[in-house]
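Trainee: After the sequence you'll find the predicted model.
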There are 4 protein chains.
Amino acid sequence: MIAVLKPGTDKEQIDNLIEWFHSYGLRTNLSEGEFSTVIGLIGDVSRVDADLLESLEIVESVMRISEPFKKANRKFHPDATVVEVGDVRIGDGSFPIIAGPCSVESREQIVSVARSVKAAGASMLRGGAFKPRTSPYDFQGMKAEGLELLLEAKKETGLPIVTELMNAEHIPLFADVDVIQIGARNFQNFELLKEIGELRKPILLKRGISGTLKELLMSAEYIMAGGNDQVILCERGIRSYDSDYTRNVLDLSAVPVLRRLTHLPIIIDPSHATGHSYLVEPMSLAAAACGADGLIVEVHNDPQRAKCDGAQSLTPEQFAAMADKLRRVREAVGGPVV
Amino acid sequence: MIAVLKPGTDKEQIDNLIEWFHSYGLRTNLSEGEFSTVIGLIGDVSRVDADLLESLEIVESVMRISEPFKKANRKFHPDATVVEVGDVRIGDGSFPIIAGPCSVESREQIVSVARSVKAAGASMLRGGAFKPRTSPYDFQGMKAEGLELLLEAKKETGLPIVTELMNAEHIPLFADVDVIQIGARNFQNFELLKEIGELRKPILLKRGISGTLKELLMSAEYIMAGGNDQVILCERGIRSYDSDYTRNVLDLSAVPVLRRLTHLPIIIDPSHATGHSYLVEPMSLAAAACGADGLIVEVHNDPQRAKCDGAQSLTPEQFAAMADKLRRVREAVGGPVV
Amino acid sequence: MIAVLKPGTDKEQIDNLIEWFHSYGLRTNLSEGEFSTVIGLIGDVSRVDADLLESLEIVESVMRISEPFKKANRKFHPDATVVEVGDVRIGDGSFPIIAGPCSVESREQIVSVARSVKAAGASMLRGGAFKPRTSPYDFQGMKAEGLELLLEAKKETGLPIVTELMNAEHIPLFADVDVIQIGARNFQNFELLKEIGELRKPILLKRGISGTLKELLMSAEYIMAGGNDQVILCERGIRSYDSDYTRNVLDLSAVPVLRRLTHLPIIIDPSHATGHSYLVEPMSLAAAACGADGLIVEVHNDPQRAKCDGAQSLTPEQFAAMADKLRRVREAVGGPVV
Amino acid sequence: MIAVLKPGTDKEQIDNLIEWFHSYGLRTNLSEGEFSTVIGLIGDVSRVDADLLESLEIVESVMRISEPFKKANRKFHPDATVVEVGDVRIGDGSFPIIAGPCSVESREQIVSVARSVKAAGASMLRGGAFKPRTSPYDFQGMKAEGLELLLEAKKETGLPIVTELMNAEHIPLFADVDVIQIGARNFQNFELLKEIGELRKPILLKRGISGTLKELLMSAEYIMAGGNDQVILCERGIRSYDSDYTRNVLDLSAVPVLRRLTHLPIIIDPSHATGHSYLVEPMSLAAAACGADGLIVEVHNDPQRAKCDGAQSLTPEQFAAMADKLRRVREAVGGPVV
């Protein structure tokens, strides 16, 4: 951490500040420029409140030098993390696709979609049992029954299942779920993050609707601090000023940026990002081209009758056509781009 | 709800769509313009998925006519809700101030701040016992012990207390808390909202860091749907593209806008909105001038040694000086502005 | 246009409003629902101010049915516009790349870069002669001399040139320029747009730093209203709340969205969008995969000594390597995606 | 400027970098920490490209220490600038109000509004003659004729006039205009800023629709660099993700923030910020309470027939009522707040 002092700060004030730093067990390095004086802090600065320091009368500005995330930081763990889910490997240069409906609606529906997406090359099945809905009056999911139907679809097809957890009290119900998803609205529900940090099960962590990449990594850090390092990051569109034609803006540069910052795998959700099925294929191809580790895509057997998010769901036929193109793009870029 | 069809849609397609609406028990009104055809839906449209409807081949666009919030809607409840906390009334044209430190740090600290803010005219005491922190390595609050210290400060001063709940499992610990705060990061933690909807205790609901006003009202609706209608809304700054000089942008127009949309009281948090103590007074005066129902402000006896958010905390002296000016501004505008 | 009236509006008020519409030469269609009354307007509504209408006491909300852009609208011009620049065709399914330095700095520099990018497959040369800089103290470009050097580079290599115009008074100097660029900061400089609408020369119009897609199309409409329909749209990153790691957020879904809305070609500028050279290749590959009509990319012979934007410039070697991968991705997606 | 190097950078690389800095005539100060090495640059760093420096292989991050604006910087000019327009003084602790219609529409209209707002206490008259409109098909103002009518209204009432300039070629027409306004869409039209920097006439510079405060000050710097230091800054609402109920978000904390950063006066435009007349009074009162130097407000004699922006215009009666309340709030806060 570096503190830049205001011009005209006198020696006594500087000495007091340095003494204050020493009281935290830090060493300091003083550099006096023509226009300003700079104090570099050496040692464990995690106990210094940078905002507070910056608010001091004599301090002009403060710069953190090291990133606040440690376990998720590629600097300290140069090798890519590969998350294993059954036979599926996420982060090893392959490009697994998680596909399925927004919500589990019936046994017939989920098994039928599972079969279709498996035939088209999907590696895992997604489906919501507990649904976060903006309105308390909207369909909230089939809950425990939905989880059971997902497990039946898994038994029928062999596809591992991915589904969202909203409440730590439900964790026992998720014992046989393969990957637990934490949704955008809970990405800073720190109490929930701590609880799943205690599990030893892969977590799919979605970026918050206006989460920064640093915040996403800090939320991953919450999970990893508990000992669970099987975290898959997911970019799913961020809020912008323009929502005339898309629900959110898909931030694909997050893929190569996160690749540098962290060793964790990064997948893309083009369905929630855009909110429109006609945008899912072009955005999926773009994700494959820029080096994402996989996709999570909504597929429904009958989008016009879906209980939620029908507008953004592909039909199984559209999904199969897209999967073909994705394979060709992956071959063209020769595996991971970055 | 109104659906506008694409030009060139033929009669059979229109008839099919109308039949589909009728299958939901809706009546329809058809209007054929020179350039487009419009279908108005009459009846309970809450089961129609507007996004899905808009994605149909023949549909150009869809407009909701009625707001999705009901219990929070001023249209259906024209009289202002007044939330009562002991002798304090929020929403009746008075301007109560909730003040106190970011975190409870010790008995001495919280009691001392409580006495200072009471003397300066504060009506309630705030203080964090459970703290949401971006980093798992930051101070997370004194937890249950912090709640006890808050209650002691209440006993000493008579000030009702306001403190944040992050986990439904902690609700029993909050039995003697006067107002439960739901923080910005949990404003769409629907599971938590449902739980506090079962309580019969005032809730201070903060707007999410990029929450729309409609989403804020839908989250209030979650609480009210459970039967708890003692909800106080709180604007606390929203995320913008410019964070060079302030943490967030305080959206003061939310006050008169919400005043029209809802009967619930609206207070302002200038401390978290700006992140800098020198901005708290001017933003508080602005809030008073534009008709807010009150404030929640951070005050610390020794900001430079605060365990969190010292940079945005007022000293008791600064708070007392501000409280004086607030009174004058309130007199000038003659109570509620709108 | 559709106006939804507030519940409880009485017949006389409705009659007055309808009379007001008739005074604009509009026909009306009245639909009375259980909860609200809707008036559809038929005829030329362009003279009705929708905001004003919405502000009337008795009006709940107003919806435009037709898009405000006409000449740029694919609805009225279904065939894609192909802009021809010498032998280069933009919008025909090929994928031309415009490459070159941020600024022209010397004869040697611009000719050398031009040769390198031509050898690697670029179709046109970019280079700034007049530079928009945030600070008045920064290098503002070589101006008229820079234009002459660009023309020399064109003579040497045959590459058509693309360069930015900031001031209508400079138009005579641009007589031999092949494509005139309008930068993000001037995308709503309507006076300049009107002037270039009078030209008969291709225009590369960049989206404003926080421009909506609708505004971009309205700015294209300004140019086309003057009779110049050779407009190339360019997405170059939009402002977001997260600028820790990228200058802007590249909104790639703009490509398939604009494809639906307009017949004009759409290219991507990955250099200004991201601000970092290591992000240019992955974002370019993504642009190719999702169906963009081309790229505009910064390439500099010696980025570390560039007079501006060195941080985002590729070396000629990096550019050549990227061009190879782009060809493979284009083959994989089989030309235009959407 | 400070450069932080990556861990593991070897001595030779550091020496090369330091040599490079010396070649710019800079002195350096080296500080080696446990985890990183920091180089402080002493001297004139304006020629160093911070982005480029940050992109170097061995550099972790770079921090500017001094603000890039000089003439607008309060640090170098501690006394507040007072802009004088006839008898009106902006920035001296008084609170002048500029009022008038969006557009000049006729002699009768502008003279009538001018008389009304003067009677209610306005100090200056606003009115658009040249209008920036998103659509080329919308009313573009009365142009030169509109300027003449404004001058007639000035002759009738004595009110100085404020009107927008969009094109440097029109400057001769503005010879008798008292204050030239630069609108939000031209706030980074650097060519126009340079031209008005040559004038010796007050400039009202509006913040761009997504301009940062730093950019606003850099645009003021463009004007001041030409020798014209009579610049009035204007906050008029910024673009956000939530436009359900307001056009923009009024960023009132800009007032106290700019007060610290610059000596230039700061006024507020509540009409364009909100887009709704019912929000103008509460936001104006808030502006007065938080220390703004004045207002610019839209007033129209017959908003329902205004040629533009009728939805946000006050009637003369509403304006007069608001002006009374503003006086009381200004008395309450005792002049400038900060």
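Mentor: Now that the structure is in, tell me what you want to look at. Numbering: from 1, shown residues only, chains lettered A, B, ... in the order given.
Trainee: Okay, now the unreliable bits of the stretch 201-338 of chain A?
Mentor: Scanning the stretch 201-338 of chain A for pLDDT under 70 picks out A:335-338.
Trainee: now with 50?
Mentor: For the stretch 201-338 of chain A, applying pLDDT under 50 flags the ranges A:336-338.
Trainee: need the residues of it near chain D, please.
Mentor: Taking Cβ under 8 Å from any Cβ of the partner chain as the contact definition, the stretch 201-338 of chain A meets chain D at A:210, A:239-241, A:243. Quick note: C-beta positions are derived from backbone N, CA and C, even for glycine.
Trainee: of all these, which two lie farthest apart?
Mentor: A:Ser210 and A:Ser243 (12.8 Å; Cβ to Cβ).
Trainee: Could you check which of the two is surrounded by more residues?
Mentor: More crowded of A:Ser210 and A:Ser243, by other Cβ atoms under 10 Å in any protein chain shown: A:Ser210, with 22 against 15.
Trainee: unless I'm mixing things up, the more buried one is touching A:Ile238, no?
Mentor: Yes - the criterion here is Cβ atoms under 8 Å, and A:Ser210 meets it with A:Ile238 at 6.1 Å.
Trainee: So which bits of stretch A:72-91 are buried?
Mentor: Residues of stretch A:72-91 classed as buried by neighbour count (16 or more other Cβ atoms under 10 Å in any protein chain shown): A:72-75, A:80-81, A:83, A:85, A:88-91.
Trainee: before we move on, what about stretch A:210-218?
Mentor: In stretch A:210-218, counting by 16+ other Cβ under 10 Å, buried: A:210-218.
Trainee: of all those, which comes closest to chain D?
Mentor: Closest to chain D out of the buried residues of stretch A:210-218 is A:Ser210 (7.5 Å), distances taken as Cβ to the nearest Cβ.
Trainee: From D:Lys143, how far off is the closest one?
Mentor: For A:Ser210, the distance to D:Lys143 equals 42 Å [Cβ to Cβ, to the nearest Å].
Trainee: Pick out the residue in the stretch 101-250 of chain A sitting closest to chain B.
Mentor: Taking Cβ to the nearest Cβ, the stretch 101-250 of chain A has A:Ser210 as its residue nearest chain B, at 3.5 Å.
Trainee: show me what contacts that residue?
Mentor: For A:Ser210, the contact set (Cβ atoms under 8 Å, 6 or more residues apart in numbering or on different chains) comprises A:238-239, B:209-210, B:239, C:241, D:241.
Trainee: The same query, at a cut-off of 7 Å, please.
Mentor: Each residue near A:Ser210 by Cβ atoms under 7 Å, 6 or more residues apart in numbering or on different chains is listed here: A:238-239, B:209-210, B:239, C:241.
Trainee: ok, back up a step: adding distance to C:Gly197, secondary structure and pLDDT, write the buried residues of stretch A:72-91 out as JSON lines.
Mentor: Below are these laid out as JSON lines (distance: Cβ to Cβ, whole Å; DSSP: H, G, I helix; E, B strand; the rest coil; pLDDT from 0 to 100):
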{"residue": "A:Ala72", "distance to C:Gly197": "51", "secondary structure": "coil", "pLDDT": "96"}
{"residue": "A:Asn73", "distance to C:Gly197": "52", "secondary structure": "strand", "pLDDT": "95"}
{"residue": "A:Arg74", "distance to C:Gly197": "50", "secondary structure": "coil", "pLDDT": "95"}
{"residue": "A:Lys75", "distance to C:Gly197": "52", "secondary structure": "coil", "pLDDT": "88"}
{"residue": "A:Ala80", "distance to C:Gly197": "52", "secondary structure": "coil", "pLDDT": "97"}
{"residue": "A:Thr81", "distance to C:Gly197": "54", "secondary structure": "coil", "pLDDT": "98"}
{"residue": "A:Val83", "distance to C:Gly197": "54", "secondary structure": "strand", "pLDDT": "98"}
{"residue": "A:Val85", "distance to C:Gly197": "57", "secondary structure": "strand", "pLDDT": "98"}
{"residue": "A:Val88", "distance to C:Gly197": "55", "secondary structure": "strand", "pLDDT": "97"}
{"residue": "A:Arg89", "distance to C:Gly197": "55", "secondary structure": "strand", "pLDDT": "97"}
{"residue": "A:Ile90", "distance to C:Gly197": "51", "secondary structure": "strand", "pLDDT": "97"}
{"residue": "A:Gly91", "distance to C:Gly197": "51", "secondary structure": "coil", "pLDDT": "97"}
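Trainee: Which two among those residues are spaced furthest apart?
Mentor: Maximum pairwise distance among the buried residues of stretch A:72-91 (Cβ to Cβ): 27.9 Å, between A:Lys75 and A:Val88.
Trainee: any chance you could map the helices in the stretch 151-300 of chain A?
Mentor: Ranges of helices within the stretch 151-300 of chain A are A:190-197, A:213-225, A:254-261, A:270-274, A:280-289, based on DSSP state H, counting those that start in this stretch.
Trainee: Help me confirm that A:Ser103 comes into contact with A:Arg305.
Mentor: No - the criterion here is Cβ atoms under 7 Å, and A:Ser103 misses it with A:Arg305 at 11.8 Å.
Trainee: which of these two has more neighbours?
Mentor: Using other Cβ under 10 Å, the more surrounded residue of A:Ser103 and A:Arg305 is A:Ser103, with 24 against 12.
Trainee: which one is that one nearest to, not counting chain neighbours?
Mentor: Nearest residue to A:Ser103, sequence neighbours excluded (Cβ to Cβ, 6 or more residues apart in numbering or on different chains): A:Gly128, at 4.6 Å.
Trainee: That neighbour: what's it in contact with?
Mentor: By Cβ under 7 Å, 6+ apart, the neighbours of A:Gly128 are A:102-104, A:141, A:163-164.
Trainee: run the last query once more with 6 Å
Mentor: By Cβ atoms under 6 Å, 6 or more residues apart in numbering or on different chains, the contact list for A:Gly128 reads A:102-103, A:141, A:164.
Trainee: Quick check: the two most widely separated of the contacts of A:Ser210?
Mentor: Greatest spacing in the contacts of A:Ser210, by Cβ to Cβ: A:Ile238 and B:Ile209 (12.2 Å).
Trainee: quick one on the thing from earlier: quick one: which of the buried residues of stretch A:210-218 is nearest B:Leu26?
Mentor: A:Ser210 (35.5 Å).
Trainee: For the closest one, which non-adjacent residue is closest in space?
Mentor: In space, A:Ser210 is closest to B:Ser210, 3.5 Å off (Cβ to Cβ, 6+ apart).
Trainee: burial count for A:Tyr39?
Mentor: Check again: residue A:39 is Ile, not Tyr. Neighbourhood size, A:Ile39 [other Cβ under 10 Å]: 23.
Trainee: Can you tell me the SS state at it?
Mentor: Following DSSP: H, G, I helix; E, B strand; the rest coil, A:Ile39 is assigned to strand.
Trainee: What residues does the spatially closest residue to it that is not a sequence neighbour make contact with?
Mentor: With Cβ to Cβ, 6+ apart as the criterion, A:Ile39 has its nearest non-adjacent residue at 4.7 Å, and that residue is A:Ala3. By Cβ under 6 Å, 6+ apart, the contact set of A:Ala3 is A:39, A:53, A:59, A:62.
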